[in-house]
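> give me a 3D structure for the following:
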Amino acid sequence: MQKPRVNVHVTEDVWRRLDKFAARPDISKAAIVDAALAAFLSPEADDKRDAAIIRRLDKIDRRLENLEEQNLIISEAIGLSAWSGYFHAPRVPEAEREAAQALADHRFQNFLRLLGRQLANGVNLGEKARNAIAEVEEKSATEGAEKA
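Next comes the predicted model:
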């Protein structure tokens, strides 16, 4: 039975690799291309591709969940810090406002320098917060066990 003929164009690199592989006496270029197309078009290949895509999507999903958790921690920390600062800040008399503004500008510049240093060193606020929370919870559990 005669097989249908197919003419295809491939890159030079693929052609060189095919030529090198087909240099063996037990296999022809046609057999290699036939096997490659059969593998590519098989339902198992689709299943393998689907499984690989699912693994990648699961990994992305885990990373997004981690980012959401870090974003929540950072948002809450910033919100609590701002609320605490405004709640406890006394009113500045008119005569002292210029000096207070200069001090606020100086503190903000220090904050920006510290933030830049933290980011340059790869310090992760979310990780620090999780560790600090875990330490507090562990300490509370230990103290609770000692009282009992």
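> what about residue 7, which SS state?
Under DSSP: H, G, I helix; E, B strand; the rest coil, the three-state class of residue 7 is coil.
> may I have the phi/psi pair for it?
Taking degrees, to the nearest 10, you get phi -110, psi 130 for the backbone angles of residue 7.
> ditto for the one 4 residues further on
Taking degrees, to the nearest 10, you get phi -70, psi 160 for the backbone angles of residue 11.
> what about it, neighbour count?
The local packing of residue 11 (other CB atoms under 10 Å) involves 8 other residues. Glycine gets a C-beta too; all of them are placed from N, C-alpha and C.
> what are the structural domain limits within the chain?
Following automatic domain parsing, one gets these domains for the chain: 12-41, 114-148.
> so which bits of the first one are buried?
It refers to domain 12-41. By neighbour count with 16 or more other CB atoms under 10 Å, domain 12-41 contains no buried residues.
> alpha carbons of whichever helix or strand residue 105 is part of, as PDB, please.
According to DSSP states H and E, residue 105 maps onto helix 97-120. C-alpha atoms of helix 97-120 as PDB (Å, rounded to 0.1, in the frame of the first residue of the first chain):
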ATOM      1  CA  ARG A  97       3.200  74.700  61.600                       C
ATOM      2  CA  GLU A  98       6.200  75.700  59.400                       C
ATOM      3  CA  ALA A  99       8.600  73.900  61.800                       C
ATOM      4  CA  ALA A 100       6.300  70.900  62.000                       C
ATOM      5  CA  GLN A 101       6.100  70.800  58.100                       C
ATOM      6  CA  ALA A 102       9.900  70.800  57.900                       C
ATOM      7  CA  LEU A 103      10.100  68.000  60.400                       C
ATOM      8  CA  ALA A 104       7.500  66.000  58.500                       C
ATOM      9  CA  ASP A 105       9.400  66.500  55.300                       C
ATOM     10  CA  HIS A 106      12.600  65.300  57.000                       C
ATOM     11  CA  ARG A 107      10.900  62.200  58.400                       C
ATOM     12  CA  PHE A 108       9.400  61.400  55.000                       C
ATOM     13  CA  GLN A 109      12.800  61.700  53.300                       C
ATOM     14  CA  ASN A 110      14.200  59.300  56.000                       C
ATOM     15  CA  PHE A 111      11.200  57.000  55.300                       C
ATOM     16  CA  LEU A 112      12.000  57.000  51.600                       C
ATOM     17  CA  ARG A 113      15.700  56.200  52.300                       C
ATOM     18  CA  LEU A 114      14.800  53.300  54.600                       C
ATOM     19  CA  LEU A 115      12.300  52.000  52.000                       C
ATOM     20  CA  GLY A 116      14.900  52.200  49.300                       C
ATOM     21  CA  ARG A 117      17.400  50.300  51.400                       C
ATOM     22  CA  GLN A 118      14.800  47.600  52.300                       C
ATOM     23  CA  LEU A 119      13.900  47.100  48.700                       C
ATOM     24  CA  ALA A 120      17.600  47.000  47.600                       C
END
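> that's all I had, so thanks and see you.
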